[in-house]
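Asker: sequence unavailable; structure follows:
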């Protein structure tokens, strides 16, 4: 037996108990006649004590040679400390060591195993197993496990059945590139790894499972971005005999449960916002509503003067920056530079200072008088002391630009407190979106999403206007979940695929199995999928998902440590395999 | 709202309630002036009632046209039935229908959606979504979900943290062929799909996670056998600072928990058996101990006579078949044919009848007298009325043959009751096993398994004698779990890999990341993995795992329905992907 207790559980009540502990040497304080060692494991830190009076000399000498991160086992007696440490749960006691065994040595770690480490990102990722020993990372992984367990508890209690769906499937492209897996049993053929279990969960609904969920890995063979992994985890759900309202209620319940159980936060009923309103008021389909700064559209109050920039713009739109009139000219110039960065892409920014005395001073005083600027303030909700920032141009572009500016300013103003949670349903998404490069329409959600009742006829004439039975759950400016009511009849699915550019043959080859299933009594159904990685990060109050993933991949798709992928070939595999086990 | 209640919940207490139900038409009984419809969903069946007096004519006409598996919604009033059906929970009531909506039509299903269906295996697999509507399959999937949830509950309560490990990894062959996944971001390089998260869970132990678990898909690109899928699910666990005894206790606890919560069965402390004893007494490392019929080795009592077959055999071994003396000569001849089948491979079988009067009659009376045969009976534990069956030959082969015979006879004798659970730990497995074709030794468990203390020196001289800290959990003759105490120091791991035929360079290239990690303070650790598919099937009292998998693959590795894998190429994928979504 390696231990009688862990390093986090001894209290004053254990005094005079003989204990055995195992763990890592956090640090050795050698004061000559006495030695203190902090012994660490997942559960905490216990102070070990060696002194000349009570500890055999050989053990003291052994202790003096211990390095950081050595793995040791000790036996000893629990005593109350003379000077207690109120900062740790075991701070009332220490263990007077009578036996010491070195279980494993350790090289000097390349960075300190402390809450605040001296290790940079790259080295911490390279030695991820050492990084995981640090409380912030360890606690993030434990936090993730708790979130997942609470999800399972909630959904199980609500009658959802967890069903595993296959990972080696036929390619049914859903928007991104599939990873493909050559089949050696069927030469020249490939499996694909699922981008989501979408079609399988729909088949489960056809199969009468009624309420399905799964926490499942999904795969996209795409370029990695800062915070996107080629493999990611989804909380995947589907329900039969439901309308949008049913789904929103269930998953609002789940999210409230998580906020309560995991964060101890009670949240009011989630507001709902039309996609069109989200775009109009926040320039974004996942608005952060922890703060205001809503867009004010200014076309009507700007296009009556001779200012060509505005007059030629499809959209003139502004926001009020609280207290922004205190910005110096230099600070405002920097802000203008910020919106002109290629990542944002604005050509410039017009502003109007709202003075405390009710007057205005704008960068376009030549064109606009005080009455005009008063209207800008009114439309954007600016108060004396604020700054109105105005962008103009093509609607889609200028909304994205002003949304970026709004988020940036809110961050600077401290309005994005990670401890505050502002969930929001965004509903009535468009069914299709236009690819401006090719001029073709694509499914905004996926090709199985149903149009709003009665709108399917619009597909021919006004495809961009057709709304879908689709909804996103947004939390603090992040899309954490999304879903839709699905098409459940063959005819509608065929029309949809036709509009997405599939010939009848292609539709049959790719989705025939699903459309065939729809002919055998498919119930109305719909669902939702949460991105677990992002959900966990946001609940955990972090911007980045990486600390909540045990072994993330870096930007070239390699595991942080194991350096996959590797060049391997069939012979190499076979040879290795033969060496290892004759069962192969 | 599609329904106010589901089809399994209405009782007499709901009488005179207006309800809305949705579901599938199980069957229509049209008696002219009245119609009965059984409406089915996941939760049960409710009888719908239409009669000329109370139901509008148009609705009756619509009801008459409903086919099996049509999806309908009805509104109506709950009434107590005149003649109750005690066989179903809703048997006290029926719903008098006032409104009827057809939600979706259905083609005539290719087999009946009944507990006992008229559909053969192939057709049921092809239309798996229809098969899942049947109670036996539906309940199997629900059963699986319950087992998984109980596993999570038990392990979470015991301090295990669920950690997700990557699916796209570097190939670290563990005995079978890896599936490989070409990386388009890193051309010419491949990921592999994990055969198990073995190395990652060991890294988590190095990282101090202490107790890890995961229910995780694993992959083997091997020929499919009847009951083996290329993707399978594992309950994967690892613990730090443990000896074999700790692990056996934890997972015995888990298994007892499952048997209690899922099967309502209390089991005594699990017996433990040495691997060598299992092979000697049952010819098998996963003996079914629900019944006796232990092997009796007969060399000492057979090799003193002139019977060459026995005298030249490495092993002469028999079992007593309870009541087997009642077999006719013809039946025994058939049994001899059975052991001579290629799948078993015996050259013949010698037998001795144990007559009720205490005398014997054997097939080798020419060589052995009554005293000899009495010893056979004594060694095999045969009683008057039994039959002693004896095989001989090379030890390994003859043990496997007699084990097959033992299992077959037990099945015929009804000794393998799926409702009886006999768990067993088999311990002290050999570290290595000999590949008789190549003459090389391979890791019996995997290359990370530690030898028993002090035995590593034997590797050079007697590799086949080295025992491992490895153990299997056996349930009713099936290996449901297996694991080991791992090597946790670089030097031992290097010796082990050398003995498995890896050059230093190969060892470094394949396992360097793990051995490097061992240098930074690796704790002693070990673990166990359960095969969830088989565990669930055995707990569910079934021989086959397939009904407990929503979408199993057939023997050519294709999904039963979706017919993966398919021939696809990169261009094809790209084109499809473009059609679907411009985000790609």
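Answerer: Cool, got the structure. Since this is a predicted model, take the numbers as computed values, not measurements. Numbering: from 1, shown residues only, chains lettered A, B, ... in the order given.
Asker: do you know how far residue A:535 is from residue A:273?
Answerer: Residue A:535 sits 20 Å away from residue A:273, taking Cβ to Cβ, to the nearest Å as the criterion. All C-beta spots, glycine's among them, are computed from the backbone N, C-alpha and C.
Asker: more crowded one of those two?
Answerer: Under the neighbour definition other Cβ atoms under 10 Å in any protein chain shown, residue A:535 and residue A:273 were set side by side, and residue A:535 has more, 26 against 22.
Asker: ramachandran coordinates for the more buried one?
Answerer: Main-chain dihedrals, residue A:535, degrees, to the nearest 10: phi -60, psi -50.
Asker: run through the strands of the stretch 301-450 of chain A in chain order.
Answerer: A:315-321, A:350-354, A:360-362, A:387-393, A:423-427, A:432-434, A:441-443 (DSSP state E, counting those that start in this stretch).
Asker: residues making contact with the third one?
Answerer: Counting by Cβ atoms under 8 Å, 6 or more residues apart in numbering or on different chains, strand A:360-362 makes contact with A:350-355, A:368, A:370, A:373-374, A:376-377, A:388, all of which sit outside it.
Asker: of those, closest to chain B?
Answerer: Nearest to chain B out of these is residue A:350 (Cβ to the nearest Cβ; 31.7 Å).
Asker: and the closest residue to that closest one other than its chain neighbours, what does it touch?
Answerer: What sits nearest to residue A:350 in space, not counting adjacent residues and going by Cβ to Cβ, 6 or more residues apart in numbering or on different chains, is residue A:390, at 4.3 Å. Residues counted as contacts of residue A:390 (Cβ under 8 Å, 6+ apart) are A:298, A:302, A:316-318, A:349-352, A:376.
Asker: how about residue A:338?
Answerer: Residues near residue A:338 by Cβ under 8 Å, 6+ apart: A:344, A:405, A:408.
Asker: do residue A:334 as well
Answerer: Counting by Cβ under 8 Å, 6+ apart, residue A:334 has no contacts.
Asker: enumerate the residues of the stretch 401-550 of chain A near chain B.
Answerer: For the stretch 401-550 of chain A, the contact set with chain B under Cβ under 8 Å from any Cβ of the partner chain comprises A:433, A:435, A:437-438, A:440, A:442-444, A:446-447, A:488-489, A:500-502, A:506, A:510, A:513, A:517-524, A:549-550.
Asker: just the buried residues of those.
Answerer: A:433, A:440, A:442-444, A:446-447, A:488-489, A:500-502, A:506, A:510, A:513, A:517-518, A:520-524, A:549-550 (16 or more other Cβ atoms under 10 Å in any protein chain shown).
Asker: so which of those residues belong to strands?
Answerer: Within these, residues falling in strands by DSSP state E are A:433, A:442-443.
Asker: just those now: which is nearest chain B?
Answerer: After measuring those against chain B - Cβ to the nearest Cβ - the closest member comes out as residue A:442, at 4.6 Å.
Asker: what about the closest one, distance to residue A:514?
Answerer: According to Cβ to Cβ, residue A:442 and residue A:514 sit 19 Å apart.
Asker: kindly report the same for residue A:209.
Answerer: Using Cβ to Cβ, we find residue A:209 at a distance of 16 Å from residue A:514.
Asker: one more: residue A:528?
Answerer: 19 Å.
Asker: looking at those two, which is more packed in?
Answerer: residue A:514 (26 against 22).
Asker: the more buried one reaches residue A:203, doesn't it?
Answerer: Yes. Judged on Cβ atoms under 8 Å, residue A:514 makes contact with residue A:203 at a distance of 7.0 Å.
Asker: contacting residues around the residue nearest to residue A:468 when sequence neighbours are not counted?
Answerer: Distances taken as Cβ to Cβ, 6+ apart place residue A:431 nearest to residue A:468, at 4.0 Å, with adjacent residues excluded. By Cβ under 8 Å, 6+ apart, the contact set of residue A:431 is A:443-445, A:449, A:451, A:455, A:459, A:463, A:466-468, A:470.
Asker: what's near enough to touch residue A:101?
Answerer: Applying Cβ under 8 Å, 6+ apart, the residues near residue A:101 are A:72-74.
Asker: let's see that with 6 Å instead.
Answerer: residue A:73 (Cβ atoms under 6 Å, 6 or more residues apart in numbering or on different chains).
Asker: is it true that it lies in a strand?
Answerer: Yes. Assessed by DSSP: H, G, I helix; E, B strand; the rest coil, residue A:101 belongs to a strand.
Asker: ok, what's across the strand from it?
Answerer: Residue A:101 has these beta-bridge partners by DSSP bridges: residue A:73.
Asker: how much space separates the residue nearest to residue A:114 when sequence neighbours are not counted from residue A:544?
Answerer: Using Cβ to Cβ, 6+ apart and skipping residues adjacent in sequence, the residue nearest residue A:114 is residue A:134, 6.8 Å away. Residue A:134 is 15 Å from residue A:544, where distance means Cβ to Cβ.
Asker: again with residue A:341
Answerer: From residue A:341 to residue A:544 the distance is 21 Å (Cβ to Cβ).
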